[in-house]
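Trainee: here is the input, now give the coordinates:
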Amino acid sequence: MKKLLAILLSSAMMVSVLTGCGGQTEPGGGDTPADSGAQTSAPADAMVFSFNMPPASGAPPYDCAVSFLAEEALKRTDGKYTFEVYGGSSLSGNDMITGMQMTQAGAIDCMILTGITFSNVVYETASLSLPFMWNDMETVYETLNIGTPVADRLSDILEENGLTLLGFPAIGFRDITNSKHEVRMPEDLNGLKMRVQSNDMVYELWQGFGANTAYVDNSETYTSLQNGTIDGQENALVLNNIPNKIYEVNKFYTEINMCEDPFIMVMNSEKWNSIPAEDQKILREVIADYVEETRKMNDEKYEEALQVLAENNVQVTSLTEDEIAIWREKSETVTNKYAAMLDQELISLIYEANGRTYQPG
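Mentor: This next block holds a predicted model:
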C-alpha cells in the first residue's frame, strides 16, 4: 500500500473559522510539511502524481479540497490514478520557483502557484495578476475555467514551456492590513512599511502609492508585524490572513479588491501526455470538481472570516466605487508598463472578459 497524502502540518491546525479539516493554527505556521492523519490507500500499481503545494497555513484549497482531489481521482479511475500531496513546497526545498522549474523538468509531476510567483518561470502568467484587472470574484470564476478564451491562450503559452494547464483553484483578492491607522486613500500608505511579494511590478505599485516596501517570507510575516519590523501587508483573507492570525497584530483591514493573484495548477506536459485520452478526460473532470470545491469553500468562509475580524476588534474599511477608482488611476502607470511587456492577446482577452477594451499605452 502506498502512502498518498503527506498533507501540510497545518491541516491539523486550522483556525476555528475554517474547521472541517483540523483544529488551531499557529501564527506564521504552515511552511513545514508533515504527515497528517488523512491518508488514502491505493493499489500498488496505481500511478501516483507528486503534487507540490506552496507554503500554506491551513486554508481550504490546501487541506479539505486537496483530500477530495486525491480520493476522487482514485475512486473515479478505479484505482488507476491519485495525487500524493507535499505541503510547503517540500519537494523543492521549500522554494516555490525551484518547484515549478522541477515540474518543467519532470522531477515533480504537478504543482500550483500564484500568477505573480509563477511569472518568475513563465512571465506571461503575471497577466492574470495586474492591478484592478478583475471586476469581482464572479468574473474571475467565469473566466478562469478550462475551455474559455483566456484559459486557452494561457494553455498554449504554458505548453510552450513544458507545462499542461489543469485549472485555477480559488485564492481570493489580496487586501490590505496594517497596525497604524485606517487606509482609505493611497496617501494613507505614506511612510507605512509594507510586506509585499518579491516582484518588480509589485514593488513599483506599492512604492507608487507611497509605501515603503519590503519582502518578508510568509512564515516570518506575523513575527515581523508583531515586533514592528513591518507595519502591514497585503494578502488574501481566507487563504492567509485568518489562518496566520494577522488580526492579532494588525487591527486595520481594507477591502480593496486590487489584485486577484490566482492559483494556476499545472502538470509536466510529458507526464500528462503519457496518460491515455480517456483517462485524461476523467482526471480533468475530477480536477474541475476540485477547483469548484476550493471556490465553494473560499466563498463560504469569507463572511465567517469577516466575523473573526469583528470579534477581534479589527476595523474593516470597505471602499466605495469612487474611492477604488482613485486607487485604479494611481496604479495605471504600473499597469500599463507591465501590460505592454506581456502577451498582448492574453491581456486583451482578460480585459474583454471584464467588459473593457485594452488600449496599449
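Trainee: would you list every one of the strands in the stretch 1-150 of the chain?
Mentor: 5-6, 47-52, 81-86, 110-114 (DSSP state E, counting those that start in this stretch).
Trainee: would you mind giving those as JSON lines with mean neighbour count and mean pLDDT added?
Mentor: (Each C-beta comes from the backbone N, C-alpha and C, glycine too.) JSON lines is the format used below for the strands of the stretch 1-150 of the chain (neighbours: other CB atoms under 10 Å; pLDDT from 0 to 100):
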{"stretch": "strand 5-6", "mean neighbour count": "22", "mean pLDDT": "35"}
{"stretch": "strand 47-52", "mean neighbour count": "21", "mean pLDDT": "96"}
{"stretch": "strand 81-86", "mean neighbour count": "24", "mean pLDDT": "93"}
{"stretch": "strand 110-114", "mean neighbour count": "26", "mean pLDDT": "94"}
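Trainee: need those strands in CSV (columns: distance to residue 188).
Mentor: CSV is the format used below for the strands of the stretch 1-150 of the chain (distance: least, CB to CB, whole Å):
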stretch, distance to residue 188
strand 5-6, 43
strand 47-52, 38
strand 81-86, 40
strand 110-114, 26
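Trainee: the ones you listed: which one's closest to residue 247?
Mentor: For residue 247, the closest of the strands of the stretch 1-150 of the chain is strand 110-114, at 22.1 Å, according to CB to CB.
Trainee: biggest helix in this structure by residues?
Mentor: Assignment by DSSP state H gives helix 277-311 as the longest helix of the chain.
Trainee: what about it, distance to the chain center?
Mentor: Centre-to-centre, helix 277-311 and its host chain are 12 Å apart (CA atoms, centre = their mean, to the nearest Å).
Trainee: show me what it is packed against.
Mentor: Secondary-structure packing of helix 277-311 (3 or more CB pairs under 8 Å, 6 or more residues apart in numbering; DSSP states H and E): helix 64-76, strand 163-167, strand 315-318.
Trainee: can you point out the buried residues in it?
Mentor: For helix 277-311, the neighbour count (16 or more other CB atoms under 10 Å) marks 282-283, 286-287, 290-295, 297-298, 301-302, 305-306, 308-309 as buried.
Trainee: same check, this time on stretch 316-332
Mentor: In stretch 316-332, counting by 16+ other CB under 10 Å, buried: 317, 319, 323-324, 327, 330-331.
Trainee: a markdown table for the residues you listed, including distance to residue 120 and pLDDT?
Mentor: Shown next, in a markdown table, are the buried residues of stretch 316-332 (distance: CB to CB, whole Å; pLDDT from 0 to 100):
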| residue | distance to residue 120 | pLDDT |
| --- | --- | --- |
| 317 | 32 | 98 |
| 319 | 30 | 96 |
| 323 | 32 | 97 |
| 324 | 29 | 95 |
| 327 | 26 | 97 |
| 330 | 26 | 96 |
| 331 | 21 | 97 |
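Trainee: would you mind giving these as a markdown table with distance to residue 205 and secondary structure added?
Mentor: Below are the buried residues of stretch 316-332 laid out as a markdown table (distance: CB to CB, whole Å; DSSP: H, G, I helix; E, B strand; the rest coil):
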| residue | distance to residue 205 | secondary structure |
| --- | --- | --- |
| 317 | 19 | strand |
| 319 | 16 | coil |
| 323 | 17 | helix |
| 324 | 15 | helix |
| 327 | 10 | helix |
| 330 | 9 | helix |
| 331 | 6 | helix |
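Trainee: out of those residues, who's nearest residue 214?
Mentor: Nearest member of the buried residues of stretch 316-332 to residue 214, counting by CB to CB, is residue 331, at 19.5 Å.
Trainee: for the closest residue to the closest one other than its chain neighbours, what are its contacts?
Mentor: Of all residues not flanking residue 331 in the chain, residue 131 sits nearest, at 4.2 Å (CB to CB, 6 or more residues apart in numbering). For residue 131, the contact set (CB atoms under 8 Å, 6 or more residues apart in numbering) comprises 205, 258-259, 328, 331, 334-335.
Trainee: and those, which are buried?
Mentor: Counted by 16+ other CB under 10 Å, those give 205, 258-259, 331, 334-335 as buried.
Trainee: and which of those is nearest residue 183?
Mentor: Distances from residue 183 to the buried ones among the contacts of residue 131, taken by CB to CB, are shortest for residue 258, at 11.5 Å.
Trainee: quick check: that closest one vs residue 176, distance?
Mentor: 8 Å (CB to CB, to the nearest Å).
Trainee: need the residues touching each of those two.
Mentor: Taking CB under 8 Å, 6+ apart as the criterion, residue 258 and residue 176 both touch residue 234.
Trainee: over to residue 152: give its phi and psi.
Mentor: Dihedral angles of residue 152 (phi, psi; degrees, to the nearest 10) stand at phi -60, psi -40.
Trainee: repeat that for residue 233.
Mentor: Here is the backbone geometry of residue 233 (degrees, to the nearest 10): phi -160, psi 170.
Trainee: surely it touches residue 195?
Mentor: Yes: in terms of CB atoms under 8 Å, residue 233 counts as a neighbour of residue 195; the distance is 4.0 Å.
Trainee: between those two, which one's more packed in?
Mentor: The neighbour count for residue 233 versus residue 195, taken as other CB atoms under 10 Å, is higher for residue 233 (28 against 24).
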